[in-house]
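Peer 1: next input, structure requested:
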Amino acid sequence: MVARTLAAAREAGLEVTVWFTPGDAGPEMRYWLGENCDVRPQASGDLGARLAAAARSADADRPWLALLGECPGIHASLLREAAEIAERGDLVLGPTDDGGYYLIGGVPPLPDVFTAMPWGSDRLLAQTRTRLAHVGASWRELRSLTLVETIEHARAERLLT
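Peer 2: Residues are numbered from 1 along each chain as shown. Below is the predicted model:
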């Protein structure tokens, strides 16, 4: 799944940074992903803290996208669409069928949608929408995809034989 997602991002013409954990796994990540992939250790904390740190490290005023989960429906055309939305100045969300999202992006600095969120729950997307509306942010949503988290999910998506 990672190889497919990286190929889609490269086909879309996007620069890729892979944030990894544990922090001392850099040599393994470079071996696995190759020298043409920017790899960086993740910050500690929940997914929100890690995303906030990644967003802070992004170039200000330059579109930024973060992929949060493995979805077989992530293709170059979808990533190009997300990048175009972000380039126009809107935030972009890629919802998942379970009430979360597989992608978030925009031009940094982003509104605080990472702190004290119900990560991993079916309320994440709804609470993110509420926060964005509360601060008057404009956003667009991509098509909903299925997140693959278990062997059963992978089988259901026909990723395993």
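Peer 1: not counting sequence-adjacent ones, nearest residue to the residue nearest the centre of the chain?
Peer 2: Geometric centre of the chain, nearest residue: Leu67, 1.6 Å, by CA atoms, centre = their mean. In this structure, Leu67 finds its nearest non-sequential neighbour in Leu103, 5.5 Å apart by CB to CB, 6 or more residues apart in numbering. (Each C-beta comes from the backbone N, C-alpha and C, glycine too.)
Peer 1: specify the beta-bridge partners of that neighbour.
Peer 2: Under the criterion DSSP bridges, Leu103 forms beta bridges with Leu67, Gly94.
Peer 1: show me what contacts it?
Peer 2: Residues near Leu103 by CB atoms under 8 Å, 6 or more residues apart in numbering: Leu65, Ala66, Leu67, Leu68, Ile74, Ala82, Val92, Leu93, Gly94, Leu142.
Peer 1: Provide the secondary structure category for the closest residue to the first one other than its chain neighbours.
Peer 2: Closest residue to Leu65 apart from its sequence neighbours, by CB to CB, 6+ apart: Gly105 at 3.6 Å. Using DSSP: H, G, I helix; E, B strand; the rest coil, the secondary structure recorded for Gly105 is strand.
Peer 1: looks like Gly105 contacts Leu91 (just checking).
Peer 2: Yes - using CB atoms under 8 Å, Gly105 is in contact with Leu91, at 7.0 Å.
Peer 1: anything in contact with each of the two?
Peer 2: Residues touching both Gly105 and Leu91 comprise Ile85, with contact defined as CB under 8 Å, 6+ apart.
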